[in-house]
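Undergrad: Predicted structure and sequence below. I'll ask about it afterward.
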Amino acid sequence: MIAGNWKMNKTVKETKDFITKLKKHALPKNKDILICPPFTALSKASGLIKGSNIQLGAQNMHYEVAGAFTGEISPLMLKELGCKYVILGHSERRHIFNEDDSLINRKIKAALNLKLKPILCIGETLDQRKKNKTEGIVKSQLLNSLKDIKDISNIILAYEPVWAIGTGINAAPEQAEEIHKMIRTLIKKTYSPKAANDIRILYGGSVKPENIKELMKEQDIDGALVGGASLDTDKFFKLIN
Ligand code: PEP
């Protein structure tokens with residue numbers, strides 16, 4: 001899977017231009033290609049991707065289906081717009097908007113209830129890595145975010161070291177692989193060998209056309225969640241290929 005997280009970028013018009021251009025390329029059928037535009041562009045994007053193998057995801061959601069939550073967007077609304085996926089627990093949500101594992105856990109359960117596939121993001125800060133806390137942080141984020149969830153077959157994981165997001169400094173392939181392997185082992189112990197084998201673990205953090213090949217060669221890296229480089233159609237197409 002190659003997933004583009006557009007963050008707070010692209011107007012409706014820019015979304016239309018991006019998708020129209022991307023659809024002119026011959027997109028491979030053997031990959032899941034996902035774009036996650038801002039909420040305001042989802043409706044337009046949903047119409048434009050029809051008949052292509054581009055899939056649609058959102059970047060966040062509330063855990064309730066409806067109610068008095070001014071400014072929020074519900075999973076039901078995302079479903080109606082044709083979203084199949086939703087990014088949850090992105091580091092920007094955790095750090096700028098103070099989301100914690102228990103809130104993310106509620107959101108994952110709500111997404112699964114409505115048959116939206118959560119892309120759960122986990123990852124350590126630079127300070128935590130320097131203090132040798134990477135494994136502990138990633139483990140606790142994972143297990144707390146998945147608390148009381150018995151079936152993880154519709155969940156995708158994304159290991160995104162915070163120090164690599166938007167910085168231009170990606171994790172070295174072997175550095176990322178070490179954590180991906182640890183995550184898979186943890187899934188095996190907590191769930192089952194099948195769950196560990198089946199789950200997709202994406203890497204995110206300054207993925208670019210220049211470094212994707214080496215990252216994807218690693219055994220436990222099953223795709224990429226891409227921010228900056230997903231905003232440009234040509235770069236995104238290169239990443240897909
Ligand atoms: C992200 O937003 O999930 C991300 C990985 O961003 P970037 O590719 O820009 O580092």
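TA: Noted; the coordinates are in hand. Being a predicted model, the structure only gives us computed values, none of them experimental.
Undergrad: Which positions within the longest helix belonging to the chain qualify as buried?
TA: Determined from DSSP state H, the single longest helix within the chain is helix 173-190. Neighbour-count burial for helix 173-190, with 16 or more other Cβ atoms under 10 Å as criterion, is recorded at 173, 176-180, 182-184, 186-187. In short, each C-beta sits where N, CA and C put it, glycine included.
Undergrad: elements contacting it?
TA: Counting by 3 or more Cβ pairs under 8 Å, 6 or more residues apart in numbering; DSSP states H and E, the packing neighbours recorded for helix 173-190 are helix 134-145, strand 156-159, helix 193-198, strand 201-204, helix 212-216.
Undergrad: Pick out the residue in this protein sitting closest to the ligand.
TA: At 2.2 Å from the ligand, residue 227 is the closest residue in the chain, using Cβ to the nearest ligand atom.
Undergrad: phi, psi of that residue?
TA: Main-chain dihedrals, residue 227, degrees, to the nearest 10: phi -90, psi -100.
Undergrad: So what's the residue count around residue 128?
TA: Using other Cβ atoms under 10 Å, the number of residues around residue 128 comes to 18.
Undergrad: typo on my end, it should be residue 6
TA: Counted with other Cβ under 10 Å, residue 6 comes out at 21.
Undergrad: same question, residue 76
TA: When neighbours are counted by other Cβ under 10 Å, residue 76 registers 16.
Undergrad: Likewise for residue 235?
TA: 17.
Undergrad: ok, now the one 5 residues further on?
TA: Other residues within reach of residue 240 by the criterion other Cβ under 10 Å amount to 22.
Undergrad: now do residue 165
TA: Other residues close to residue 165 by other Cβ under 10 Å number 22.
Undergrad: Quick check: it touching residue 93?
TA: No. Applying Cβ atoms under 8 Å, one finds residue 165 not in contact with residue 93, separated by 11.8 Å.
Undergrad: Tell me who's in contact with residue 44.
TA: Neighbouring residues of residue 44 by Cβ atoms under 8 Å, 6 or more residues apart in numbering: 12, 15-16.
Undergrad: Please point out which parts of the helix or strand where it lies sit buried.
TA: Element membership of residue 44 [criterion: DSSP states H and E] is helix 39-48. Residues 41-42, 44-45, 48 are the ones in helix 39-48 that count as buried (16+ other Cβ under 10 Å).
Undergrad: Average pLDDT for it, rounded please.
TA: The average pLDDT for helix 39-48 rounds to 98.
Undergrad: So what's the gap between whichever helix or strand comes after it and the chain middle?
TA: Downstream of helix 39-48, the first helix or strand assigned by DSSP H and E is strand 54-58. Strand 54-58 has its C-alpha centroid displaced from the chain centroid by 11 Å (Cα atoms, centre = their mean, to the nearest Å).
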